[in-house]
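Asker: Sequence and predicted model, in that order:
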Amino acid sequence: MKRHRFITNVDECVNPIYHKEWGYPVTVKDSIEFCFQRIVDAAYKKISKYNLAFIIFEKREMSKHIIHFIQNMCNFNNPNIKIIVEDTYDSDDEYEKRAIPVKFVSFTPNRPKYAIPYHWNDDEQDWTWKDVISYGPPSGSSSSTSIWPPLEYKIKAQKELIRKLEKRNIQLSK
């Protein structure tokens, strides 16, 4: 595997191989938001049927940026959605019918149900902002009125290039 590591930042770019399955994201943040919305939609379905839903996260070592991002999304104003973090998921019939067990997974071409990406484990190269700009908009998010690439992406590509050049200069000066 070329890439076997935690996702370190929610602003990391997502390779096109994963776009269709993970909500046509540009970044990991976009993908997590897409996945989390599917989980919340399922929670509301459980509430309408059972008046209560449990979103169950397994304890997993991962980037603090991903943990904080997910924690911020878990601030519901609905007392019928309970967030639970467990080492293991216990199945009990009464509990299980209200439960949405969330899996933390690597990006894959086939997204599991109720999964959130936290890891890279593939043969892909890291996708950069320069790659995003060159590739064009993810096919699920293009609009006839949008300008490609957005200024924000151009700025991120420039910052990425500056960091890369600074890193190279530091290595050459050693």
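Answerer: That came through, no problem. Numbers count the residues shown, from 1 in each chain.
Asker: what does stretch 104-123 contact?
Answerer: Contact with stretch 104-123 is made by 1-7, 14-15, 17-18, 21-22, 28, 31-32, 35-36, 38-39, 42, 57-58, 60, 62-63, 66, 70, 100-103, as judged by C-beta atoms under 8 Å, 6 or more residues apart in numbering. Placement of C-beta: from N, CA and C, glycine included.
Asker: Now do the helices for this protein: every range, in order, please.
Answerer: Using DSSP state H, the helices of the chain run over 28-50, 64-73, 93-96, 129-135, 151-173.
Asker: These: lowest mean pLDDT?
Answerer: Lowest mean pLDDT of those: helix 93-96, a mean of 75.
Asker: okay if I get the helices of the chain as TSV plus mean neighbour count and distance to residue 83?
Answerer: As requested, the helices of the chain are exported to TSV (neighbours: other C-beta atoms under 10 Å; distance: least, C-beta to C-beta, whole Å):
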stretch	mean neighbour count	distance to residue 83
helix 28-50	17	10
helix 64-73	15	9
helix 93-96	10	14
helix 129-135	17	32
helix 151-173	11	31
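Asker: nearest to residue 80, of these?
Answerer: Evaluated over the helices of the chain, closeness to residue 80 peaks at helix 28-50, with 4.8 Å, by C-beta to C-beta.
Asker: Identify all contacting residues around that closest one.
Answerer: Contacts of helix 28-50 (C-beta under 8 Å, 6+ apart): 7, 9-12, 14, 18, 22-25, 52-53, 55, 66, 69-70, 73, 78, 80-81, 97-98, 100, 102, 107, 111, 114-117.
Asker: Would you agree residue 157 is in contact with residue 127?
Answerer: No - using C-beta atoms under 8 Å, residue 157 makes no contact with residue 127, being 11.7 Å away.
Asker: separation between residue 60 and residue 39?
Answerer: 15 Å (C-beta to C-beta, to the nearest Å).
Asker: One more: residue 161?
Answerer: 36 Å.
Asker: so what's the spatially closest residue to residue 61 that is not a sequence neighbour up against?
Answerer: The spatially closest residue to residue 61, leaving aside those adjacent along the chain, is residue 6, at 8.0 Å (C-beta to C-beta, 6 or more residues apart in numbering). Shown in contact with residue 6 (C-beta under 8 Å, 6+ apart): 61, 62, 63, 66, 118, 119, 120.
Asker: who does the last one bridge with?
Answerer: Using DSSP bridges, the bridge partners assigned to residue 120 are residue 5.
Asker: what's the pLDDT at it?
Answerer: pLDDT at residue 120 comes out at 97.
Asker: And for stretch 157-171, what's in contact with it?
Answerer: The contact list for stretch 157-171, computed with C-beta under 8 Å, 6+ apart, reads 128, 129, 130, 132, 133.
Asker: before we move on, the earlier item: identify whichever of the helices of the chain lies nearest to residue 86.
Answerer: With C-beta to C-beta, the closest approach to residue 86 among the helices of the chain belongs to helix 93-96: 11.1 Å.
Asker: Cheers, nothing more for now.
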